[in-house]
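In: Fold the following.
(one chain, ligands or ions: 1)
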Amino acid sequence: MKIERFTRLGFILAASGSAVGLGNIWKFPYIAGEYGGGAFVIMYLLTVLVIGFSIMIAEMFIGYEGRSDGVTCFENLDHAKPSIWRFGGFMGLSGLFVMIFYSVVIGWIFNYIVIALTSLPANVTEAERVFNTMLNTDIVTQLFYHTIAFIIITYVLLKGIKGGIEKLNYVLMPLLMLIIGGMFLYATTLDSFGAAVDFMFKADFSKINSEAFVVAVGHAFFTLSLGMGAILTYSASLPKGSNLIKSSLYVVAIDTAIALAAGLMLFTFLFQYGAEPAKGPGLVFISLPAIFYEMGIIGNFFAVIFFVALAFAGLTSAVSLTEPMVQYFISRWNFSRLKAALSMGLFFYLVGIVALLSNIDTYESSLTFFGNNFFDLVDFVTAAIMLPLGGLIMSIFVGFVVEKQRVEKVLKEPLGKFFELWYFSIRYVAPTALSIVALNLFGII
Ligand code: PFF
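Out: The predicted model follows:
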């Protein structure tokens, strides 16, 4: 099967499009708020730098050398046949699971573009009412926008790598950067910018507990799109002779810059208008719209472009979450792209409806498992368990299963004297940190 190739810029945009998503603009600010700011942000940044960056290189390597879907890539790089490591390729399933709630949230964002265009809630109480009414009672609105999200994502996927994914990212990523960059610059002119910087970077380590550590590591993976085969699948379409280190650096840098810009901008607005930083998932849907209302006319404008940017971020990540399994069915089961894209789309669409219903008052109790409703459970299981597990599998695979010469052939030159350091990190540092997360999660340490 011949895999379509990205252009070099197309790859950087698509991989950053995957990384920059709801995780950066919706999730990062609210978890940073919930876990008290500074110390959490520093832990997250350290994880991104020490573990995230190393695993990004490893995941790109597997795709670039394996040149196929996730399962076949693992097989191609393993000497032993049949390879038990091919099961590692099924990490693509986690992406599809994430889509179960991700598509519903993209639907909320579409709804908020319309709210921003028509009537912003006039205060936090009103904003809370609008959000909770949508979330807990309004099946029709959520279903309508979830359906639109499903249609757009599936359409892009069935157009393929060049005609769909690359094109989408060529258009949406520059616009997204422009919007977030512009709003960030505006935030720097406000009095509360300094308070936002303090909140995000002044570390108070007394606020850190093991739960915060697990969330920070899980989020570092989530935000960089690691451990699900998204980066792997895109890297299988990298042009020959690409420099994987440069590409990883770009993606990590763009992702981190957008998360920090979005966080600083949001907290500046919150402090400027006296709102609470620890508002949970409703932060951008409750606090922010009320603030935009208070800002007057510029707030109305910001509200529209902010939710448009959020939708762009969500869509470019959504296609990358679904593509690994689409690619798997195309190359292993001989599905046509149309059939593969449609069946994967229908999967997240239909199960997504269950997630959506699990937030609705009437159904919540029957769709609650282990103390979490289905929506929150999928979020938790994917971000906290499946992604780090995918990362662990990849680091052990590249560190111990693939022969070192093969790794050196691709990475020795671009990494130069850092090669051994990276190799050590992939073999020992990343697996140790990820195992601590796993043991902690199951209450063993
Ligand atoms: N990185 C995306 C975000 O921050 O929203 C989410 C994501 C996309 C996670 C693709 C994993 C993935 F494979």
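In: Can you name the residues that contact Asp78?
Out: When the contact criterion is CB atoms under 8 Å, 6 or more residues apart in numbering, the partners of Asp78 are 85-86, 397, 401-402. To be clear about C-beta, it is placed using only N, CA and C from the backbone, and glycine gets the same treatment.
In: Closest one of those residues to Asp255?
Out: Phe397 (23.3 Å; CB to CB).
In: quick one: buried residues of stretch 181-194?
Out: 183-184, 187, 190, 192-193 (16 or more other CB atoms under 10 Å).
In: Report how far apart the opening and closing residues of stretch 289-307 are.
Out: 10 Å (CA to CA, to the nearest Å).
In: got the buried residues for that stretch?
Out: Within stretch 289-307, the residues scored as buried using 16+ other CB under 10 Å are 289-295, 299, 302-307.
In: Over to stretch 406-417?
Out: Of the residues in stretch 406-417, those with enough neighbours to count as buried (16+ other CB under 10 Å) are 407, 410-411, 414-415.
In: longest helix of the protein?
Out: The single longest helix within the chain, with elements called by DSSP state H, is helix 297-333.
In: would you list the buried residues of stretch 181-194 in JSON lines and tack on pLDDT, secondary structure and distance to the ligand?
Out: Below are the buried residues of stretch 181-194 laid out as JSON lines (pLDDT from 0 to 100; DSSP: H, G, I helix; E, B strand; the rest coil; distance: CB to the nearest ligand atom, whole Å):
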{"residue": "Met183", "pLDDT": "97", "secondary structure": "helix", "distance to the ligand": "18"}
{"residue": "Phe184", "pLDDT": "97", "secondary structure": "helix", "distance to the ligand": "18"}
{"residue": "Ala187", "pLDDT": "97", "secondary structure": "helix", "distance to the ligand": "21"}
{"residue": "Leu190", "pLDDT": "96", "secondary structure": "coil", "distance to the ligand": "26"}
{"residue": "Ser192", "pLDDT": "96", "secondary structure": "coil", "distance to the ligand": "26"}
{"residue": "Phe193", "pLDDT": "97", "secondary structure": "helix", "distance to the ligand": "24"}
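In: what's the closest of the residues you listed to Pro431?
Out: Lowest distance from Pro431 to the buried residues of stretch 181-194 (CB to CB) belongs to Phe184, with 36.1 Å.
In: which ones are touching the closest residue to the closest one other than its chain neighbours?
Out: The spatial neighbour of Phe184 that comes closest, neighbours along the chain excluded (CB to CB, 6 or more residues apart in numbering), is Ala261 at 4.2 Å. By CB under 8 Å, 6+ apart, the contact list for Ala261 reads 180-181, 184.
In: go on, Ala384?
Out: 214-215, 218, 437, 441.
In: Can I get the residues you listed in JSON lines including distance to Gly66?
Out: Conversion of the contacts of Ala384 to JSON lines gives the following (distance: CB to CB, whole Å):
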{"residue": "Val214", "distance to Gly66": "30"}
{"residue": "Val215", "distance to Gly66": "31"}
{"residue": "Gly218", "distance to Gly66": "26"}
{"residue": "Val437", "distance to Gly66": "26"}
{"residue": "Leu441", "distance to Gly66": "29"}
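In: who wins for neighbours among these?
Out: For these, counting by other CB atoms under 10 Å, the largest number of neighbours falls to Val437: 26 neighbours.
In: in what helix or strand does that residue lie?
Out: Here Val437 is covered by helix 430-441, with elements defined by DSSP states H and E.
In: ok, and what's touching that helix?
Out: Outside helix 430-441, the residues within contact range by CB under 8 Å, 6+ apart are 47, 50-51, 54-55, 210, 213-214, 217-218, 384-385, 388-389, 391-392, 395-396, 399, 445.
In: Please flag which of those sit within helices.
Out: Secondary structure defined by DSSP H assigns 47, 54-55, 210, 213-214, 217-218, 388-389, 391-392, 395-396 of those to helices.
In: from memory Glu323 sits against Gly164, does it?
Out: No. Between Glu323 and Gly164 no contact is recorded; they are 9.3 Å apart, counting by CB atoms under 8 Å.
In: Neighbour count for these two, which is higher?
Out: In this comparison of Glu323 against Gly164, neighbours counted by other CB under 10 Å, the higher total goes to Glu323 at 31 against 21.
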